[in-house]
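In: My questions are about this predicted structure, shown below with the sequence.
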Amino acid sequence: MPSIFIIPTAHGWNFLRSSTAASPRNAAAGSASQNGSWNVRKLQNLEEAVPLLSATDDFVLGLPVAAVLAQRFRLPSVDPAEFPEMIRIQIEKVLPFSAEDVTTDFEVIEQDENESVVSAVAIRNEQLAELVAPLLDRGFIPRQVTVYAAQRASTYAPKGNALLIYPEGETLVYVMTENGKLSLARVFENGNGEQLQLELPQLRMSAELQGINASSPNVLLDESYYQMRDTVQGILASPTEIVGVELPPASVKLNLLPESWRRRRSQLIRQTEWRKRLLWIGGAYIALLFLLFAYLGLLRFQIGRIDARIAQDAPGTQFVRATEANWKALAPAIDARYYPVEILLHIFESLPSPEVRITAYNQSARQVSVDGEANTAALAYQFIEKIKKNPDLRVFQFEMASPRILPNDHAQFRLEGKPR
């Protein structure tokens, strides 16, 4: 159900908004009465509704009876899809306007196999545009344009026949309804007792002439005319019920929204949706940029802190590096693992067999080299593998090039080891 209804009243309009959809801008726009879960605000004209609406509001506009033409037709029962064209033809017979200048809609009052009784309503598009101009000029197009009398009938008299008497603008409206649908409507400038004595019998006669059973209708009198209750009951000889503003009005099928307005409203809705999406995308992009700049700022701050720590620790670091270099320089002299005798001993321990012989050994502060000869290349490779696995020689990283094969098929090899 829509969250907003704009309906005509005695001296202007009523703006009905569901309290669950109320917004701060509407709460601050002025005083409003609240009934149940709906807020009711009285407006002098439709211009006062503009600040109460937003582009995303889904609202229904109820038209006064004086703005529309309501007709009751008896038509042969045909395919429901053919009813709009038949109604259009009947309306064209009544109105001096072309079909393009008028918007029509209808509701079926009752139907049997042979005949259908239809309530048809029409309004001239130009007149509707003038009436709703304050809203249209601001881009506010209702989702549905209906007739307030149909809303009241559907609310209070969904079954049977009823007579509604209530004010719209400066006039008094008399509406005959059948099963909640409009059958006959009259508007009078004066609503005093003498006028009622004259008009109500004529209205009943007109209804009977059109085939409407008006002998004992359910009489509904608006609460603003409570003082006329006894008079109405005396004239119609029927109990009269007092009714107030519908909160909310009942949903009705009638929709007099012109096709051009429908298309424009769809465009506005799409534009609003795209605008929202773009705002979300823009907001997300700005948030990402903010996070990126914040991250870059954090990185710069952390880099600055690290640079400061490095600068603070630089003297100590330099001392450690110098000490390490000194120890490395002194290692061959003070570390037994670098003694030539120890190294040579461990190399001989790694010989895989007597068929591998050491022919030369050289050692400097930076390198150890071992020349040798093996009966086969396989024995040379076994030797280098044992060297690498010897735990006492792991202070060096040994490498061996491919052995050179001698004429006697012996393999001549050279191992080179560097301190790790």
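Out: Cool, got the structure.

In: Show me this protein divided up by domain.
Out: With domains defined by automatic domain parsing, the chain comprises 4-257, 278-334, 337-419.

In: can you tell me which of those domains comes nearest to residue 272?
Out: domain 4-257 (5.2 Å; C-beta to C-beta). (Each C-beta comes from the backbone N, C-alpha and C, glycine too.)

In: For that closest one, what does the pLDDT average out to?
Out: In this model, domain 4-257 has a mean pLDDT of 83.

In: Who's the closest spatial neighbour of residue 119, skipping the chain neighbours?
Out: residue 181 (4.1 Å; C-beta to C-beta, 6 or more residues apart in numbering).

In: neighbours of the one you found, just the number please.
Out: As a burial measure, residue 181 scores 26 neighbours (other C-beta atoms under 10 Å).

In: For the residue lying closest to residue 210 once chain neighbours are set aside, give the beta-bridge partners.
Out: Closest residue to residue 210 apart from its sequence neighbours, by C-beta to C-beta, 6+ apart: residue 72 at 5.8 Å. Counting by DSSP bridges, residue 72 forms beta bridges with residue 119.

In: Roughly how far does residue 72 sit from residue 6?
Out: Residue 72 sits 27 Å away from residue 6, going by C-beta to C-beta, to the nearest Å.

In: can you check residue 103 too?
Out: With C-beta to C-beta as the criterion, residue 103 and residue 6 are 18 Å apart.

In: Those two - which one has more neighbours?
Out: Neighbours per residue, other C-beta under 10 Å: of residue 103 and residue 6, the larger number sits with residue 6, 25 against 22.

In: ok so that one is a strand residue?
Out: Yes - assessed with DSSP: H, G, I helix; E, B strand; the rest coil, residue 6 lies in a strand.

In: thinking it is in contact with residue 17, fair?
Out: No - at 9.7 Å, residue 6 does not count as touching residue 17 under the criterion of C-beta atoms under 8 Å.

In: re earlier: tell me the contacts of the residue nearest to residue 210?
Out: By C-beta atoms under 8 Å, 6 or more residues apart in numbering, residue 72 lies in contact with 109, 117, 118, 119, 120, 182, 183, 184, 210, 211, 212.

In: repeat for residue 216
Out: Counting by C-beta under 8 Å, 6+ apart, the residues that residue 216 touches are 161, 238.

In: Could you check how far it is from residue 160?
Out: Distance of residue 216 to residue 160, given as C-beta to C-beta: 10 Å.

In: And for residue 282?
Out: In terms of C-beta to C-beta, residue 282 sits 57 Å off from residue 160.

In: more neighbours, those two?
Out: Taking other C-beta under 10 Å, residue 282 and residue 160 do not tie; residue 160 has more neighbours (13 against 10).

In: surely the more buried one meets residue 176?
Out: No - at 11.6 Å, residue 160 does not count as touching residue 176 under the criterion of C-beta under 8 Å.

In: wait, doesn't residue 231 sit right on residue 195?
Out: No - taking contacts as C-beta under 8 Å, residue 231 lies outside contact range of residue 195: 10.3 Å.

In: So residue 186: helix, strand or coil?
Out: Strictly by three-state DSSP, residue 186 counts as strand.

In: Any idea what it is bridged to?
Out: residue 174.

In: so what's it up against?
Out: 173, 174, 175, 199, 203, 206.

In: now it: how far from residue 206?
Out: Counting by C-beta to C-beta, the gap from residue 186 to residue 206 is 8 Å.

In: go on, residue 167?
Out: 21 Å.

In: Name the secondary structure element that contains residue 281.
Out: helix 259-334 (DSSP states H and E).

In: ok, then the element right after that helix?
Out: That would be, after helix 259-334 and using DSSP H and E, helix 340-349.

In: Work out the gap between the very next helix or strand once past that next one and the centre of the chain.
Out: Once the chain leaves helix 340-349, the next helix or strand it forms, by DSSP H and E, is strand 356-363. Distance, stretch centre to chain centre, for strand 356-363: 83 Å (C-alpha atoms, centre = their mean, to the nearest Å).

In: From the contact counts, what lies against strand 356-363?
Out: Applying 3 or more C-beta pairs under 8 Å, 6 or more residues apart in numbering; DSSP states H and E, we find strand 356-363 packed against helix 340-349, strand 368-374, helix 377-389.

In: Contacts for it next, please.
Out: 340, 343-344, 347-348, 351, 368-375, 379-380, 382-383.

In: Quick check: closest non-adjacent residue to residue 226.
Out: residue 242 (5.8 Å).

In: before we move on, which element is that neighbour in?
Out: Assigned by DSSP H and E, residue 242 falls in strand 240-243.

In: before we move on, what about residue 127?
Out: Going by DSSP H and E, residue 127 is in helix 125-131.

In: For that helix, list every residue counted as buried.
Out: 125, 128, 131 (16 or more other C-beta atoms under 10 Å).

In: Provide the partner residues of the residue nearest to residue 226 in its beta bridges.
Out: For residue 242, the beta-bridge partners are residue 221 (DSSP bridges).

In: Surely it is in contact with residue 227?
Out: No - at 10.8 Å, residue 242 does not count as touching residue 227 under the criterion of C-beta under 8 Å.

In: Of these two, which one has the most company?
Out: Each of residue 242 and residue 227 has its neighbours counted (other C-beta under 10 Å); residue 242 has more, 12 against 8.

In: check contacts around the more buried one.
Out: Contacts of residue 242 (C-beta under 8 Å, 6+ apart): 221, 222, 223, 226, 229.
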